[in-house]
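Asks: here you go, sequence then predicted model.
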Amino acid sequence: MQEHLRKRLKDKQLGFSNSNKLSSPPLSPYKMHHEGQNGYGKGHLMTAMPPRPIKPKYIGRTRSTSPAEDESSESEVEVKTVEDHLVNISKPTISDIQSRTAVLSWHSPVNVQNGELNGTPAAPSITFDVMLSNSGRDESYKSIYTGKEVTFTLRDLQPATEYHVRLLASCGSAKSPLSDVVSFKTECCEPDVPAVPKLFNRTKNSLFLQWKAPTDNGLKITGYVLEFDEGKGSPFKMCYSGPLKQYKLSKLSPLTRYSFRLAAKSDAGISNFSKVITYSTAGSVPPAPGPPQLLRAGVTWLSLEWSAPTGSSGDEALTYILEMEEEATGYGFKPKHNGEDLSFIVRGLRRSTSYKFRVLACNSEGKSHSSEVVEYSTIPDKPDAPSRPSTKGRIHARCLKIVWDPPNDDGGAVVSKYVLEMSGGLNGNKWDTVYNGSLREHLCDHLTPGTWYRFRVYCMSSGGQSQVSEVFVVQTAAAPPGQCQPLCLVGRAKPRELPLQWVAPSSNGGSAITEYTVEICEKESGKRVQIYQGPETEFTASNLLPGQTYCFWVKASNQAGSGPFSDVSQISTAPEPPDQCLPPYLTVRAATCVVASWEAPSCNGAEVTEYRLEWGVAEGCMQVIYTGSSLSFEVKGLIPATTYFCRVQAINIAGAGLFGKVAAVTTMASVPGVISIFENLDEEHLPSPLPCQFTCLAIQWQEPYCNGSDITGYNIEFGEQQLISVERVTTCVLENLQPDTMYRIRVQAVNSIGAGPFSQVLKTKTKALPPDPPHLECAAFGHQSLKLRWGEGPSKPLLTSSILYCLQMEDKYGRFVCIYSGPCHTYKVQRLSESTAYHFRIQAHSASGEGLFSHVYTFSTTKSPPPQLKAPKVQKSEENVFEVTWEPLQPMRGDVIVYALQLLTGRGTEQVYKGLETSFVFRGLPLSSEFRFRVGAGRQYKENGSTQELWGQYSPISTIFTQQQSTLPKETMPTACEEHSLFRGTPISDEQCALLLLLGFALIAVLFAVVIQYFVIK
């Protein structure tokens, strides 16, 4: 079944088309390289054929089939349908092309993802394979994406590069033909990051750098930017910008490391900087070393050595090049050795041949000049060794005679000379030639006494040098050692120790040195003191003074005696911090001042530059209060009777010494401190009230610090330098002061030392005395009122009046009741009973308080006069007889009422009647005249044994006219009523008078209330 499907798909790829679809567009020829699972062989050439009509094929069958055959038939239909749609795959579309990315999208040949393939319920999904090439050749395509999406973002592309893309779709085992190729070119961008610049050459003051051009990414590189850090590790700074690919950076510091980084730029922008590379400027080449020295020569070799260049640093690594020239060859100098050793044996030489040598020193900066050229020759064949040397004669301390016999075999040549070698000691490898000649004996002088010497001899002939003879060992006679070299310092000098070292004398006198003696002296001409005696050549002188120069001598001793002392060595110890200061001397100058002085400690080789004084009230909590070079300091502002601790530290250039021991001092007691809190004390805070609040002041304060002596009391100053002393209290009541007086009060504490400073001035004022009661008097007596007056002042109150008065009257129960309180000086007491004694007292009060009451004043109301009678009535009883009547009054409190009738004429008033009656008859009045009458009531009473009368107001006037008989008929005579109507004016009735009085009092009361509200209360 699968084979059948593959065959049909292959037919479709060769150009056949489904009968239901339009012909597919022609495909470009291409080669396809498929894996085995794709269903194609490898390396087949697939060519698209032009489409041609194909007869429709009918899938339906008329014959009946089994279920298995039906299922197979449905599968064939499904696969065929998918294959038919896969043939129509379209080429992908390129969008959003950037320098390194591009978006690739394509259309699915059929919407099989949603299962809409001609009613197929669950069609398989299509997988897409995206292939990319940058050359367009079929073999260069690589699969970069395999998946079911219809978009893909190409990443990591090369800028300014042409790419080719094609697409392959597959669904299960069915695969589509390759789509048309889509080509696109990425955008240009800034160049790639260049490689680090390379060092081409360097000198002490310049660096020559070169670099290669990076990938330009489509645009020509227009220049490069080179930055460096100026050798300081600081931010990078541009040192070159241009098109060249090399740059020489000059004016640099020798042996300095410089960091560089490089960036390329084009029209598209500047690239990122390269990695940071560090190069160092060159130093200097070493100086020329000394010429090579011949150590030994052989028949075929020469042993050479040389010394390091003079002035070279021991830390610098040097290599040496030994060059040799053989004149016979004509090749010039050729290197024979390159290494760090200072010696080399040149081998493979020809015997009896001369060679020239020179040496060069090399370091990281280059080669030095060559040394002087030296010439050495190999020797001929050597004869046999001579016999062992021996002594001849007596062995002396500094000389001896050595003799030897010729060699048994001279090597075929006449021995031209003998070389006697001597080596000091028994084990040394260094042999010194002491004789060179044809004789066979030699007197060796200038020897070291008591020293073992080894002698050997060899001979030389034209054939060469023989082997050395057997070594002859001999010891010179012993002698005292020679003079030692001056002592030297080993390492660094310490403040109290000097590590010393010396070298054994050049001559030990032929006997082993048994001991050394070291002497010391502070001065070269002073007395020496032996500080060491022993066999060692090193010694640490201790217990020295810092910063002191000492003189040292050393001598060696052996069995033969002691040698001379060495030359003097002057060595100084290092300075150290000063010694610990002694406890300071503390002098108490005052209760708040102490002078601290101290002695300068040993400076230990460096002058003391400053002192530090620590001060505090606790030994473990002190602070530096003085830093300076003085040896004393005055500490001020201290607290009396307080123990203070202090210590001193000295400082020099070597550091700070230890603090000295702590010294303590106690300041002497002093007068108490100043009182800080001083204020008035309210009366409610007192345990008992003030004796008099007008002449007393209560004050309080806070007890100050006693300064070492208990406070015994206080002095209080007030008034005109008035001073009182009190006990140790914090409150006081000042008595017998002046009322309403401002006082300046200050207080000071007193102890056994004396009085302390006064506190700040407290300004306070005593209360004013309450005003005395004024004198009370009655200004007007009435039968129902009494007008009282007191003090001096206006009857109306003043706006600025500060004194108020309280007027009290005794009631019927014997109690005094306030009837008036205010600033007025008068008051009218009304609604009193007539002829009654009333008792009054008055009191003044102000802001200072209430004053005392006055003594009781007694005032009595007068008797009330009889009331005013009505106008009398006049009646004519007979001819020229008139009867005047008036209303009677009741007796008043038992007093008799008398009446007085007055006749008012033009000449005045005439009393015509006085008595108890209520009528009076006039007779014989002149005719044709006018008469006016009025009547008054009087009250008779006895007072002090005599009869007194109190008259009331007279009644209104009644007027009558007398006429002749003839002119006036009887019936026309005026009656009493008519006479009464002829009165002049209209009198006011009692009701009207009472109403007027009531209105007046009401108006006055309202005015008083307004005045008191406005001026007194507010």
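Replies: Looks like it came in fine.
Asks: ok, S354 - contacts?
Replies: Contacts for S354 were tallied using CB atoms under 8 Å, 6 or more residues apart in numbering; they are 327, 375-377. From N, CA and C alone the C-beta is placed, and that goes for glycine too.
Asks: pull out the buried members of the residues you listed.
Replies: The neighbour-count criterion (16 or more other CB atoms under 10 Å) marks Y376 among those as buried.
Asks: which stretches in the stretch 551-700 of the chain count as strands?
Replies: Secondary structure of the stretch 551-700 of the chain (DSSP state E, counting those that start in this stretch): strands located at 561-562, 569-572, 585-590, 593-597, 610-618, 621-628, 632-635, 643-652, 655-656, 663-666, 678-680, 697-701.
Asks: let's have those in JSON lines, adding mean pLDDT and distance to V193.
Replies: Compiled in JSON lines, the strands of the stretch 551-700 of the chain are given as follows (pLDDT from 0 to 100; distance: least, CB to CB, whole Å):
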{"stretch": "strand 561-562", "mean pLDDT": "86", "distance to V193": "80"}
{"stretch": "strand 569-572", "mean pLDDT": "91", "distance to V193": "61"}
{"stretch": "strand 585-590", "mean pLDDT": "91", "distance to V193": "77"}
{"stretch": "strand 593-597", "mean pLDDT": "94", "distance to V193": "72"}
{"stretch": "strand 610-618", "mean pLDDT": "93", "distance to V193": "60"}
{"stretch": "strand 621-628", "mean pLDDT": "92", "distance to V193": "60"}
{"stretch": "strand 632-635", "mean pLDDT": "94", "distance to V193": "69"}
{"stretch": "strand 643-652", "mean pLDDT": "94", "distance to V193": "58"}
{"stretch": "strand 655-656", "mean pLDDT": "90", "distance to V193": "55"}
{"stretch": "strand 663-666", "mean pLDDT": "92", "distance to V193": "74"}
{"stretch": "strand 678-680", "mean pLDDT": "86", "distance to V193": "84"}
{"stretch": "strand 697-701", "mean pLDDT": "90", "distance to V193": "86"}
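Asks: including distance to A837 and mean neighbour count, could these go into a markdown table?
Replies: Conversion of the strands of the stretch 551-700 of the chain to a markdown table gives the following (distance: least, CB to CB, whole Å; neighbours: other CB atoms under 10 Å):
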| stretch | distance to A837 | mean neighbour count |
| --- | --- | --- |
| strand 561-562 | 149 | 14 |
| strand 569-572 | 126 | 16 |
| strand 585-590 | 81 | 14 |
| strand 593-597 | 84 | 18 |
| strand 610-618 | 84 | 17 |
| strand 621-628 | 89 | 13 |
| strand 632-635 | 88 | 17 |
| strand 643-652 | 85 | 21 |
| strand 655-656 | 106 | 12 |
| strand 663-666 | 85 | 16 |
| strand 678-680 | 49 | 14 |
| strand 697-701 | 46 | 20 |
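Asks: okay if I get those as JSON lines plus distance to W211?
Replies: Shown next, in JSON lines, are the strands of the stretch 551-700 of the chain (distance: least, CB to CB, whole Å):
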{"stretch": "strand 561-562", "distance to W211": "76"}
{"stretch": "strand 569-572", "distance to W211": "58"}
{"stretch": "strand 585-590", "distance to W211": "78"}
{"stretch": "strand 593-597", "distance to W211": "73"}
{"stretch": "strand 610-618", "distance to W211": "60"}
{"stretch": "strand 621-628", "distance to W211": "60"}
{"stretch": "strand 632-635", "distance to W211": "70"}
{"stretch": "strand 643-652", "distance to W211": "58"}
{"stretch": "strand 655-656", "distance to W211": "54"}
{"stretch": "strand 663-666", "distance to W211": "75"}
{"stretch": "strand 678-680", "distance to W211": "90"}
{"stretch": "strand 697-701", "distance to W211": "91"}
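Asks: show me which pair in the contacts of S354 is furthest apart.
Replies: When the contacts of S354 are compared pair by pair using CB to CB, the farthest-apart members prove to be E327 and Y376, with a separation of 12.8 Å.
Asks: hang on, the earlier thing: for N604, which of the strands of the stretch 551-700 of the chain is the nearest?
Replies: In this view, those are compared for proximity to N604 by CB to CB, and strand 643-652 is the closest at 7.3 Å.
Asks: thinking again about what came up before, in strands, which of the contacts of S354 appear?
Replies: Using DSSP state E, the subset of those located in strands is 375-377.
Asks: low-confidence stretches in the protein?
Replies: For the chain, the stretches with pLDDT under 70 are 1-80, 82, 110-124, 311-316, 410-413, 721, 793-801, 963-990, 1018.
Asks: show me the residue at the heart of it, geometrically.
Replies: Q623 (24.3 Å; CA atoms, centre = their mean).
Asks: contacts only, for it.
Replies: Q623 neighbours (CB under 8 Å, 6+ apart): 614-616.
Asks: please redo it, this time with the cut-off set to 6 Å
Replies: G616 (CB atoms under 6 Å, 6 or more residues apart in numbering).
Asks: quick check: it vs F645, distance?
Replies: When CB to CB, to the nearest Å is the yardstick, Q623 and F645 sit 11 Å from each other.
Asks: hey, what's in contact with both of these two?
Replies: G616.
Asks: how much space separates the nearest residue to G616 once chain neighbours are set aside from Y644?
Replies: For G616, the nearest residue in space outside its immediate sequence neighbours is M622; the separation is 3.4 Å by CB to CB, 6 or more residues apart in numbering. Shown here: M622 relative to Y644, a distance of 9 Å by CB to CB.
Asks: quick revisit: pairing partners for the residue nearest to the centre of the chain in the sheet, please.
Replies: W615 (DSSP bridges).
Asks: hang on, the earlier thing: and Y258, which of the strands of the stretch 551-700 of the chain is closest to it?
Replies: Using CB to CB as the criterion, the shortest distance between Y258 and the strands of the stretch 551-700 of the chain is 39.7 Å, found for strand 655-656.
Asks: chain center to the closest one: distance?
Replies: For strand 655-656, the separation from the chain centroid amounts to 31 Å (computed by CA atoms, centre = their mean, to the nearest Å).
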